[in-house]
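>>> Would you be able to build a 3D model of this:
(4 chains)
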There are 2 protein chains.
Amino acid sequence: MEFHGGGSAGIVVSGNNVPAFLTNLWTLVEDPDTDPLICWSPNGNSFHVFDQGRFSKEVLPKYFKHNNMASFVRQLNMYGFRKVVHIEQGGLVKPEKDDTEFQHPYFIRGQEHLLENIKRKVTNVSNVKHEELKMSSDDVSKILTNVQHIKGKQETIDSKIIAMKHENEALWREVASLRQKHAQQQKVVNKLIQFLVTLVQSNRVLGMKRKIPLMLGDSSSAHSMPKYSRQYSLERLQASLQASPAISVSLPLPTTVAG
Amino acid sequence: MEFHGGGSAGIVVSGNNVPAFLTNLWTLVEDPDTDPLICWSPNGNSFHVFDQGRFSKEVLPKYFKHNNMASFVRQLNMYGFRKVVHIEQGGLVKPEKDDTEFQHPYFIRGQEHLLENIKRKVTNVSNVKHEELKMSSDDVSKILTNVQHIKGKQETIDSKIIAMKHENEALWREVASLRQKHAQQQKVVNKLIQFLVTLVQSNRVLGMKRKIPLMLGDSSSAHSMPKYSRQYSLERLQASLQASPAISVSLPLPTTVAG
DNA sequence: GGAACGAACGTTCTAGAACCAGAG
DNA sequence: CTCTGGTTCTAGAACGTTCGTTCC
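Okay, the predicted model is just below:
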C-alpha cells in the first residue's frame, strides 16, 4: 500500500486501469505550456480548447497518433465527455472566438484518482447487435407467420378433438345400450332355460322317460358356431349358457375435453 | 421549354429540386477565388479542401450559416458524398499537407444538371423507426413467451388426444366384443327356441295335447322385466324374441389421430 | 393579409462501424 | 492469435430554420 494514489504526480500502480487517452488528456490539460490552446476552466470542472486549427496541428500530434480534432472529439465522446454548450450572447461576444469546452463528472482538476471511474463505452460488438436487431425486425414477420400456422394447427386439432369427443360419447352410449341389451338377453335366456327345466320336469311328472335330443346343430349355423354344433344334454346346455361371463371390460373413465 | 438547364449560370427553373447546399457547394468549388482552399480535382470527378482551419473560418461562413468543418462534412455525407482516402506513400508526401478530398458520382465538373440526381438521405422520422425497432426487440421476447405457452398447450392437448385415442380404441374393442357376445347370445336364444319348438312338436306328435304354460314370470325378475311377467304362448314368445332389433347404432368411423 | 401547420432542409453533438495497432 | 483500445469515416438524433399550404 505504498502507492495510495494520493499524489498527482508519479506512477499510478493500484488499479492502473486508466487508458492512455485519459492520462494523456490529463497531462495535456495540466501542461502549462499548452494553456493557450487547452486548459482547465476557472472552476476546474471542465477544460477549454482554443483555436482548433492550431490545437489539432500543434498539440494533438504530441500526445496522440493523429492531428484531427474530429478524432479527439470522438475519443472524448467515447469516454463520456460532453460538450458544454454556450449560450450566444448576441453581439456581446466576439464571434471569432474559437472556444470549445468539454466536461466529465470524473474529470476534475486536482482529482486525478477519479480518472479510474471514467469508462470507455463498450462497442456493442457491432456484428452481434446489428445482426440481432436485423434479425429481429426481419424475422418478426416470420415468427408471426409461424404463430399463425400454429394457431391454424390448433384449430384443426380442436376440431379433431371435438369429433373424437362426439365419437367417444356415441361409443359410450353404444356400450351402455349394448350392455343393457346383453342383460336383457341374458334374462331371456335364463327364463327360456327355466321354462325348459319346468317343461322337462312336467314331462317327467307325466311319466315321459324318453330322452329328448338337443338339436342345436342345424345346417345354417354349423360353420359359425362350431362348438355348439354337437348335441348336448339339457343340463350341459344350461351350464354352458350360465357360465358365459358377464360383460365387464375394464374401461377408462370418459375423458373431459374443453370445447 | 425556354430554360432547358443547359447553362451553368442563371436561374434553374425546370425541376428546381436542388437543395441550397448542393448549389452552394457547386458555386464554392467553381469559384476561382477560393481555389487555394477548395477546388476541383484535376479530372473533375471530385474536389479538394486544403487547410481546413482557414477553409472553415474564411470560406464556409460566406456560403453557409456556420464555420464548422464538421457540419460541412456532415452535410456532404447526408448527400451521399464520400471521402476519398489517400494511400500514405511513406515519407514521399509531406505529412503536413492538409488535403481532404470528397466525391459523388453526380458531382462532376461541367455537369451541373446532374445535381438533380443527388438526394439527401431521408431521416427515418427518428421517432417512428426507433420506436418500431424498440417494439420489435422488446416484443420478441413476448412473442417467444407466447410461442412457448402455445407449445405447452399443444403438449397438454397432445396428451389429452392420446388419452382419448386410447379410450376410443378401448371403446371400439368393447363395442366389437359386445356385438359379438350379442350375436352369440342371439344364436343361443334362437337355438333354444328352435329346441323348444322341436320339443313341443315332439310332444304333439306323441299325442300330448295338454297346453303347457310359459312360466316366464318368476318372482326374481318380475320387477325388472314387467312385460314378460305374464304368461305367453310359445309362438308369442318366439315372435317376441326374434323381433328384438339387431344392434345397429349409427357410429362415426374411428378417428385417426397422429400420435 | 396573416396565423398555424407540416415537410424538407440545415446545424450540432453524439454514436456506429470498420479498420488498425499494440499488449498479453 | 486474440482482445482491448485508438483512428477514421459515416450515420443517428435532436433541434432549429425555411418555405409552401391552408384556413380564418
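>>> The closest residue to A:Lys181 other than its chain neighbours: which element?
Take A:Lys181 and drop its neighbours on the chain: the residue closest to it by C-beta to C-beta, 6 or more residues apart in numbering or on different chains is B:His182, 6.1 Å away. From N, CA and C alone the C-beta is placed, and that goes for glycine too. Assessed by DSSP states H and E, B:His182 sits inside helix B:126-205.
>>> Which strands and helices lie in contact with that helix?
Helix B:126-205 sits against helix A:126-205, helix B:234-242, with contacts defined as 3 or more C-beta pairs under 8 Å, 6 or more residues apart in numbering or on different chains; DSSP states H and E.
>>> angle of that helix against helix A:126-205?
Interaxial angle of helix B:126-205 relative to helix A:126-205 (axes from the mean of the first three to the mean of the last three C-alpha atoms, to 10 degrees): 10 degrees.
>>> now A:Gln52: how far from A:Ile193?
Distance of A:Gln52 to A:Ile193, given as C-beta to C-beta, to the nearest Å: 121 Å.
>>> if we can go back for a sec, lowest mean pLDDT across the helices and strands packed on helix B:126-205, which one is that?
For the helices and strands packed on helix B:126-205, mean pLDDT drops lowest on helix B:234-242, to a mean of 57.
>>> Closest approach to chain B from chain A, which residue is it?
Across chain A, the shortest distance to chain B (C-beta to the nearest C-beta) belongs to A:Gly53, at 2.6 Å.
>>> in terms of contact, does that residue touch B:Gln52 like I think?
Yes - between A:Gly53 and B:Gln52 there is a contact at 7.2 Å, judged by C-beta atoms under 8 Å.
>>> Those two: which has the busier surroundings?
Higher neighbour count among A:Gly53 and B:Gln52: B:Gln52, with 24 against 19, using other C-beta atoms under 10 Å in any protein chain shown.
>>> The more buried one and DNA strand C: what is the separation?
In this view, B:Gln52 and DNA strand C are 14 Å apart by C-beta to the nearest atom of the strand, to the nearest Å.
>>> Equivalent analysis for A:Asn203, please.
Relative to DNA strand C, A:Asn203 is positioned 108 Å away (C-beta to the nearest atom of the strand).
>>> Spatially, what comes nearest to that residue if we skip its sequence neighbours?
Excluding the flanking residues, the one nearest A:Asn203 by C-beta to C-beta, 6+ apart is B:Asn203, at 7.5 Å.
>>> Please work out how many residues are found near the one you found.
By other C-beta under 10 Å, 19 other residues sit near B:Asn203.
>>> Excluding residues flanking it in the chain, which one is nearest the residue in the stretch 151-259 of chain A that DNA strand C sits nearest to?
Minimum separation of the stretch 151-259 of chain A from DNA strand C (C-beta to the nearest atom of the strand) falls at A:Lys151, amounting to 34.2 Å. Sequence neighbours aside, B:Ile150 is the residue nearest to A:Lys151 in space, at 7.8 Å (criterion: C-beta to C-beta, 6+ apart).
>>> list the contacts for that neighbour?
A:Val147, A:Ile150, A:Lys151, A:Gln154 (C-beta atoms under 8 Å, 6 or more residues apart in numbering or on different chains).
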